[in-house]
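Engineer: mind looking at a prediction? Sequence and model below.
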Amino acid sequence: MTTLAGKRILLVGATGAFGRLLADGLAAAGASVLATARNNESAARISSAAALRLLLDLEQPASIKTLTDYLSADENSLDGVVVASGVVGFAAASQTEPGDATKLMQINHLGPSQLLGALASKLKSSGEALREPFILSMPGVVAEKDFAGMSAYSASKSAHAKFLATLAIEFRRDKIRVISARPGHTETGLAGRAIFGSAPAMPAGMTPEHVVNRLLQAIVGDETDLPSTEF
């Protein structure tokens with residue numbers, strides 16, 4: 001079992017439904033949460049349980065570098081990174097604009113991948129102090145199953161799932177645990193905030209509370225893989 005008491009955890013996407021609940025849950029377990037928001041306006045939505053608010057725009061590689069440079073130079077440890085960010089879009093492949101597909105790929109995969117790669121050394125140095133560092137990210141069920149009208153979104157999430165699987169192998173020697181979580185449809189409101197297109201009719205999804213509780217269990221339970229059947 002992994003204890004969260006006294007751990008410093010970077011929470012990416014702290015303003016969303018998952019992010020706010022994760023901030024509360026991690027803090028309640030004794031962790032110090034470093035929470036990110038895209039801009040000063042959205043930072044106001046970060047849970048008061050967070051110990052520190054930071055700015056991070058996953059669309060901007062320079063913003064990612066600014067944050068990772070700051071964290072790498074910080075003398076304090078970094079014991080975990082939780083990625084709870086993401087955007088969605090809905091359209092048939094033949095109707096998806098290249099710019100829209102690029103935006104999905106940048107925010108859902110390329111940005112988080114740049115962030116995690118740049119923080120590898122910081123997490124490794126935390127591991128040397130026997131603090132059991134970890135990474136958790138959520139490719140979601142679309143990395144496992146195919147859905148019409150979601151080709152660009154599924155591609156971005158599937159790319160990230162593959163990245164996490166490879167990262168787990170590369171980080172094994174450094175004792176950095178990588179958790180890939182793929183929950184199914186959850187009532188976070190994300191589908192209603194699509195950057196393009198409209199969501200198809202969907203059955204009622206899981207509650208965010210249910211999903212977040214399962215994620216927290218995986219963190220403290222030393223798990224590494226959470227397929228959709230685990231939710």
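Structural biologist: It's in.
Engineer: what about dumping the CA coordinates of the strand or helix carrying residue 111 to PDB?
Structural biologist: In the assignment (DSSP states H and E), residue 111 maps to helix 111-118. Presented in PDB, the C-alpha positions along helix 111-118 are these (Å, rounded to 0.1, in the frame of the first residue of the first chain):
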ATOM      1  CA  GLY A 111       1.000  18.100 -24.200                       C
ATOM      2  CA  PRO A 112       0.700  15.600 -21.300                       C
ATOM      3  CA  SER A 113       3.400  13.500 -22.900                       C
ATOM      4  CA  GLN A 114       5.800  16.500 -23.000                       C
ATOM      5  CA  LEU A 115       5.000  17.200 -19.400                       C
ATOM      6  CA  LEU A 116       5.500  13.600 -18.200                       C
ATOM      7  CA  GLY A 117       8.700  13.200 -20.100                       C
ATOM      8  CA  ALA A 118      10.200  16.400 -18.800                       C
END
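Engineer: what's downstream of it, the next helix or strand?
Structural biologist: Next along the chain after helix 111-118, taking DSSP H and E as the criterion, comes helix 120-127.
Engineer: tell me which other helices or strands whichever helix or strand comes after that next one touches.
Structural biologist: Downstream of helix 120-127, the next assigned helix or strand under DSSP H and E is strand 134-137. Helices and strands touching strand 134-137, by 3 or more CB pairs under 8 Å, 6 or more residues apart in numbering; DSSP states H and E, are strand 80-83, helix 111-118, helix 151-171, strand 177-181, helix 208-220. Any C-beta I mention is one placed from the backbone N, CA and C, and that applies to glycine too.
Engineer: for the helix or strand following the last one, which strands pair with it and how are they oriented?
Structural biologist: Going back to what we said before, that points to helix 208-220. Counting by DSSP H and E, the element after helix 208-220 in chain order, helix or strand, is strand 225-226. Its sheet considered, strand 225-226 pairs with strand 177-181 (parallel) by DSSP bridges.
Engineer: which residues touch the strand it pairs with?
Structural biologist: The contact list for strand 177-181, computed with CB atoms under 8 Å, 6 or more residues apart in numbering, reads 132-140, 161, 164-165, 167-168, 171, 215, 218-219, 222-226.
Engineer: angle of that strand against helix 208-220?
Structural biologist: 160 degrees (axes from the mean of the first three to the mean of the last three CA atoms, to 10 degrees).
Engineer: need the CA coordinates for strand 177-181. CSV is fine.
Structural biologist: What follows is strand 177-181, C-alpha atoms only, in CSV (Å, rounded to 0.1, in the frame of the first residue of the first chain):
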residue,chain,number,x,y,z
ARG,A,177,4.7,3.5,-11.2
VAL,A,178,2.5,4.4,-14.2
ILE,A,179,-1.2,4.0,-13.9
SER,A,180,-3.3,3.9,-17.1
ALA,A,181,-7.0,4.4,-16.3
